[in-house]
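S.K.: Mind looking at a prediction? Sequence and model below.
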Amino acid sequence: MSKHHFEAVIFDLDGVITKTANVHSRAWKKMFDEYLKSRAEQNGETFQEFTSQDYLHYVDGKPRYDGVKSFLETRKIELPFGTPEDEPALETVCGLGNRKNAAFNEVLRNEGVEAYPSTVKLLEELKKDGVRIGVASSSKNAEGVLKAAGLMDFIETRVDGVVSAEMGLSGKPAPDIFLTAAKNLGVDPNKSIVVEDATSGVQAGKNGNFGLVLGLAREDNIQALLANGADIAVEDLDEITLDEINDWFENGIDEDNWRITFTGYDRDKEKSREALLTVGNGFFGTRGAMEESGASETNYPGTYIAGMYNRLATPIAGRDIENEDFVNVPNWLPIKFKIEDDNWFDPNEVTINEVSRMLNLKNGLLSKTMLVTDCEGRQIAVSSYRIVSMASPSLAAIKYTVTPLNYSGSMSFCSSLDGTHINAGVKRYSTLNQQHLEPVEQGGKDNTTFLKVRTTQSKIEIAEAAKLTFSVEDKEFQTRFGVSTDDGIVYTLIDHEAKQGQTIEIEKVVSIRTSQFAKKDIRQLALQDIEQAPDFNKILEESTGVWGKIWDEIDIKIEGDRLSQKLLRLHNYHLLVSASPFNAKLDASVTARGLHGEAYRGHIFWDELFILPFYNMHFPDVAKSLLMYRYRRLEKAREYATEYGYKGAMFPWQSGSNGREETQVLHLNPISGEWGDDHSSLQRHVALAIAYNVWQ
């Protein structure tokens, strides 16, 4: 009987237990180089060798034939797959794989194999403590390798390439081999550990919903392992103890079930990640874009306020087409820095050595840690913490730190409130008029600034105010704040002589007010808010308290399924970002993208039907408010019914500010690039869904 909080450890073999990675790598290189050289000579082409990066990206951790196929595809080489019985001389995927296997076995016979001392030590401790042990490997040579290393007595089950072929198991990143090993051991995957050194392997562990996926970074690839699913990554197993592993199962899993974490910077995925990292409180929401980024192909900062619409016309096909859009209001996030007279820091223009972002679903805190190197070789550690208050609807705050790691010198910092952008969150709307904001006034003094803009057609005013605090090594630093303005934007500028190793901190407290819900001087209200607001830590504390009460009401706990638990909390969190108890006093409903983006123009559809039961159960005042949004637009629904010859009320397919039909009459075909008729508005089941919602 194990004395630990986990039941089993399932190890990969190569690079985890035994030092066969180099043997495999040499065998792969020998086989591919010989084949590629022969092919190049036959076809009169230039020989391009097989590299260590090719091995890591396309071959490592995969079943042998999958590795062959994966690499050949990168070189645009098409070969028949063949069969596993193919002779090594055959020019097929299986033939090349068998050719590599012959080379590997030759090296294994001649040189033997060495085991990692730290892994052997762990195997001894696990066996002594009664923890079940298995091996799951893509290799068809696993039995021979374990025998050569003298480790067979430790292993209770072995699911390798031979077993996979017999059982028809899918290779990594599918979790089949690990789940089969867990089944053979009679253990729960949620109470078991996968130890892997390949990205495809940690993906498999994550896909199998294992309790701990432990990444072993033999190739200096900690960031890659974390980005692909490792819960913890170390360079060697002597860096982690059984007590620490026990603590993960006792406390770490529960903490992780409240977190969404992204490691690394993937430009293709960045906009999706920004949406998932949105912070908000029902009144307004802000996408998880980095403070230093602007709108681009990679990034899209956006802040959206409940019920904030503006209608514009665009000449299309000889007629003016009106579209009402959910407005991307002024960006309150920007905080940038530069060293000496260089350019302002842009995450897309420097080397990002490490970056991790984590959203704490329990309290809505978004944090970022980043290590970057600029073109001069200067290293900077950057961190930020962001909160939209669930205790005060208009408040938000950022704590932003910069630490020069290998240099001292002058630095400049710039914080801004920016209303100069257009709606640009949906590419296919780019040919339409998207200038929804016009400047009204901007200004400030010392560490306090304000910006006031107005929507161009609906004439809703938006005021933002910001107050900055500048600290060095956790002590407030008396510095000169410079204020500069242009139409629709206000900057706060700070110069500072930075010293190596000293942490510089900027705290930014922001208030957002609109004329929709306050008929007073909203600029003055926003300025009063930040004057009376506490510091970042207090705003976070108060907001955390409210979130705690919300989670006490809505949380559902799932035993033995990490993935489902996290996903359920993620969905509930984003519901509360889009409509919270604050919404009980607002004339607004939940848009198709919540307060996270501009797709579907931020319109309101019938599928509120799917979320109203949640609010009926937990926040009936919010449910009532969402229904009152429809009730207040009943006259437009009656007019719409009359227009089509019906009695009663017919609610529109897409609803916005006043309840009229907002569906486009023209639609841009994203494939052909041509405009054609849009018949979406002819869908008639919306009124029935609303009647159902009222009845419920």
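M.R.: Yep, it's here. Numbering: from 1, shown residues only.
S.K.: Let me see the contact set for the nearest residue to Tyr600 once chain neighbours are set aside.
M.R.: Leaving aside its chain neighbours, Tyr600 sits nearest to Ala592 (3.8 Å; criterion: Cβ to Cβ, 6 or more residues apart in numbering). In short, each C-beta sits where N, CA and C put it, glycine included. Residues near Ala592 by Cβ atoms under 8 Å, 6 or more residues apart in numbering: 599-600, 602-605, 607.
S.K.: tell me the domain ranges of the protein?
M.R.: 8-19+113-256, 21-111, 280-548, 560-695 (automatic domain parsing).
S.K.: coming back round to it: please convert the buried members of the contacts of Ala592 into PyMOL selection syntax.
M.R.: Applied in PyMOL, the following selects the buried portion of those according to 16 or more other Cβ atoms under 10 Å:
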select buried, resi 599+600+602+603+604+605
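S.K.: Dump the contacts of Ala592 to a markdown table, plus pLDDT, secondary structure and distance to Thr449.
M.R.: Shown next, in a markdown table, are the contacts of Ala592 (pLDDT from 0 to 100; DSSP: H, G, I helix; E, B strand; the rest coil; distance: Cβ to Cβ, whole Å):
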| residue | pLDDT | secondary structure | distance to Thr449 |
| --- | --- | --- | --- |
| Ala599 | 93 | helix | 31 |
| Tyr600 | 93 | helix | 34 |
| Gly602 | 95 | helix | 28 |
| His603 | 96 | coil | 33 |
| Ile604 | 96 | strand | 34 |
| Phe605 | 95 | coil | 38 |
| Asp607 | 87 | helix | 40 |
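S.K.: All the strands of the stretch 151-300 of the chain, in order from the start?
M.R.: 157-159, 192-196, 212-216, 232-234, 259-263, 279-280, 284-286 (DSSP state E, counting those that start in this stretch).
S.K.: Turn those strands into JSON lines, including distance to Tyr309.
M.R.: Formatted as JSON lines, those follow (distance: least, Cβ to Cβ, whole Å):
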{"stretch": "strand 157-159", "distance to Tyr309": "57"}
{"stretch": "strand 192-196", "distance to Tyr309": "49"}
{"stretch": "strand 212-216", "distance to Tyr309": "45"}
{"stretch": "strand 232-234", "distance to Tyr309": "46"}
{"stretch": "strand 259-263", "distance to Tyr309": "29"}
{"stretch": "strand 279-280", "distance to Tyr309": "18"}
{"stretch": "strand 284-286", "distance to Tyr309": "14"}
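S.K.: Surely Met617 forms part of a helix?
M.R.: Yes: under DSSP: H, G, I helix; E, B strand; the rest coil, Met617 sits within a helix.
S.K.: Can you report how many residues neighbour it?
M.R.: 11 (other Cβ atoms under 10 Å).
S.K.: Quick check: the gap between it and Asn572.
M.R.: Met617 sits 12 Å away from Asn572, going by Cβ to Cβ, to the nearest Å.
S.K.: Over to Ser356?
M.R.: Computed as Cβ to Cβ, the Ser356 to Asn572 distance reads 24 Å.
S.K.: Also Val694?
M.R.: 24 Å.
S.K.: The two: which has the busier surroundings?
M.R.: Neighbours were tallied for Val694 and for Asn572 using other Cβ under 10 Å; the higher tally belongs to Asn572 (18 against 11).
S.K.: May I have the residues that are in contact with the residue lying closest to Arg428 once chain neighbours are set aside?
M.R.: Closest residue in space to Arg428, ignoring its immediate chain neighbours: Leu668 at 5.1 Å, by Cβ to Cβ, 6+ apart. Contacts for Leu668 (Cβ under 8 Å, 6+ apart) come out as 428, 431, 674-675.
S.K.: Low-confidence ranges, the stretch 1-150 of the chain, go.
M.R.: 1-2 (pLDDT under 70).
S.K.: show me where it has helices.
M.R.: Assigned by DSSP state H, counting those that start in this stretch, the stretch 1-150 of the chain shows helices spanning 21-43, 52-54, 64-74, 93-111, 117-128, 142-149.
S.K.: Could you dump those into TSV with mean neighbour count and distance to Asp346 added?
M.R.: What follows is these, written out as TSV (neighbours: other Cβ atoms under 10 Å; distance: least, Cβ to Cβ, whole Å):
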stretch	mean neighbour count	distance to Asp346
helix 21-43	17	37
helix 52-54	14	27
helix 64-74	20	30
helix 93-111	19	43
helix 117-128	16	41
helix 142-149	20	47
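S.K.: Can I get the ones you listed in JSON lines including distance to Gln664?
M.R.: Compiled in JSON lines, the helices of the stretch 1-150 of the chain are given as follows (distance: least, Cβ to Cβ, whole Å):
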{"stretch": "helix 21-43", "distance to Gln664": "53"}
{"stretch": "helix 52-54", "distance to Gln664": "47"}
{"stretch": "helix 64-74", "distance to Gln664": "41"}
{"stretch": "helix 93-111", "distance to Gln664": "49"}
{"stretch": "helix 117-128", "distance to Gln664": "61"}
{"stretch": "helix 142-149", "distance to Gln664": "59"}
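S.K.: do you know which of the ones you listed lies nearest Val622?
M.R.: helix 64-74 (49.8 Å; Cβ to Cβ).
S.K.: Below-threshold pLDDT in the protein: ranges please.
M.R.: Using pLDDT under 70, the flagged stretches of the chain are 1-2.
S.K.: Which residue would you name as the spatial centre of it?
M.R.: Arg273 (3.3 Å; Cα atoms, centre = their mean).
S.K.: For it, which non-adjacent residue is spatially closest?
M.R.: Phe262 (5.2 Å).
S.K.: Could you give the bridge partners of that neighbour?
M.R.: Arg357 (DSSP bridges).
S.K.: Contacts only, for it.
M.R.: 227, 273, 277, 356-358.
S.K.: which of those sit farthest apart?
M.R.: Top of the distance list for these (Cβ to Cβ): Ala227 and Leu277, 15.0 Å.
S.K.: Count residues in the vicinity of Gly211, would you?
M.R.: Other residues close to Gly211 by other Cβ under 10 Å number 25.
S.K.: Gly201 versus that one, what's the distance?
M.R.: Distance from Gly211 to Gly201, by Cβ to Cβ: 16 Å.
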